[in-house]
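Participant: one predicted model, sequence on top.
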Amino acid sequence: MTTPLVLALLALSLQNPPPASSTPADDLLRGPSVPQDALKSERERRQGGEKLSRPMLEQRVYFATLDAFAFDDATRGRVKELRERFTASVAAYEKDAEVKRKAIFEKRKREAEPGKPPSDDFKRAMNELEAARPKLRELQAKVDELLSKDDAVALRKAFDDGMKRARAEITRREEEARKRKEAERREKKGEKPEMEKPEMEKPEMEKPG
């Protein structure tokens with residue numbers, strides 16, 4: 001399911017897009033479209049000095065979705081231009097936002113009172129910064145304009161399915177990470193490993209006589 005934050009539209013035809021289930025979540029998230037970093041839990045990303053970026057995950061899943069569709073050469077070229085323009089705008093935004101974000105946090109550090117939640121000024125500054133981010137929905141609207149109504153609907157559905165698979169894969173990996181940490185903690189304390197709870201067996205139904 002974008003992995004989800006960057007990511008030529010190919011397949012057999014827009015009228016016959018591959019079913020969403022034909023692409024395993026692992027395949028969608030393993031490729032260059034969705035880097036493994038995007039799948040780390042928020043806690044892991046904070047510990048590694050990384051920031052969880054939902055917009056980037058959505059962008060990469062959308063680009064991967066585009067890659068699953070085929071268009072004629074003219075349409076493919078126009079979509080490629082839109083993608084490149086959007087990617088460049090995101091890169092320019094991130095470069096500028098990194099400087100502004102640093103200044104906002106430094107200001108908060110200077111003015112924040114210990115034990116107090118972020119100020120309204122801090123929240124407003126962060127919201128304004130995020131509001132300036134290039135919106136994926138604007139790219140989607142421009143791509144949809146190149147397509148027939150049915151094709152646009154099919155593309156959106158494929159993207160939604162891709163996001164569902166990405167979120168499910170992220171949840172699975174977070175659960176695996178939680179279990180590994182719990183196993184390590186128990187091992188250090190010399191405790192027995194956590195046992196999986198057996199599924200409740202359904203009572204057999206009596207066959208009618």
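Facilitator: Arrived safely, thanks for sending. As the structure is a prediction and not an experimental result, all values here were calculated from the model.

Participant: shaky segments in the chain?
Facilitator: In the predicted model, the chain carries pLDDT under 70 at residues 1-52, 192-209.

Participant: pull the longest helix from it.
Facilitator: helix 149-189 (DSSP state H).

Participant: that one packs against which elements?
Facilitator: helix 25-30, helix 54-67, helix 136-145 (3 or more CB pairs under 8 Å, 6 or more residues apart in numbering; DSSP states H and E). Where you see a C-beta, it was placed from the backbone N, CA and C, and this is true even at glycine.

Participant: tell me the angle of that helix relative to helix 54-67?
Facilitator: Here helix 149-189 runs at 130 degrees with respect to helix 54-67, directions being taken by axes from the mean of the first three to the mean of the last three CA atoms, to 10 degrees.

Participant: quick one, helix 149-189 and helix 136-145 angle?
Facilitator: Using the same axes, to 10 degrees: helix 149-189 against helix 136-145 is 140 degrees.

Participant: buried residues, the strand or helix carrying Ala91. List them.
Facilitator: Assigned by DSSP states H and E, Ala91 falls within helix 73-111. Neighbour counts over helix 73-111 (16 or more other CB atoms under 10 Å) mark 75-76, 79, 82-83, 86-87, 90, 97, 101, 104 as buried.

Participant: could I get these as TSV with distance to Asp120?
Facilitator: Formatted as TSV, those follow (distance: CB to CB, whole Å):
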residue	distance to Asp120
Thr75	47
Arg76	47
Val79	42
Leu82	37
Arg83	37
Phe86	32
Thr87	34
Val90	28
Ala97	20
Arg101	18
Ile104	13
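
Participant: ok, back up a step: point out the most buried one among the helices and strands packed on helix 149-189.
Facilitator: Highest mean neighbour count among the helices and strands packed on helix 149-189 (mean count of other CB atoms under 10 Å): helix 54-67, with a mean of 24.

Participant: how far off helix 73-111 does that one point, in degrees?
Facilitator: Interaxial angle of helix 54-67 relative to helix 73-111 (the same axes, to 10 degrees): 170 degrees.

Participant: show me what helix 54-67 is packed against.
Facilitator: Using 3+ CB pairs under 8 Å, 6+ apart, helix 54-67 sits against helix 73-111, helix 136-145, helix 149-189.

Participant: can you tell which of the ones you listed is closest to Val61?
Facilitator: For these, the distance to Val61 is smallest for helix 149-189, at 4.7 Å, taking CB to CB.

Participant: so what does the helix holding Ala91 touch, helix or strand wise?
Facilitator: Under the contact criterion of 3+ CB pairs under 8 Å, 6+ apart, helix 73-111 touches helix 54-67, helix 120-131, helix 136-145.

Participant: tell me, how many residues neighbour Met163?
Facilitator: When neighbours are defined as other CB atoms under 10 Å, Met163 has 21 of them.

Participant: that one and Val61 touch, don't they?
Facilitator: Yes: Met163 is within contact range of Val61, at 5.5 Å (criterion: CB atoms under 8 Å).

Participant: hmm, back to that, of all the helices and strands packed on helix 149-189, which one comes closest to Asp120?
Facilitator: When the helices and strands packed on helix 149-189 are compared (using CB to CB), the closest one is helix 54-67, at 23.6 Å.

Participant: got the angle for that closest one vs helix 120-131?
Facilitator: Between helix 54-67 and helix 120-131, the angle comes out at 10 degrees (the same axes, to 10 degrees).
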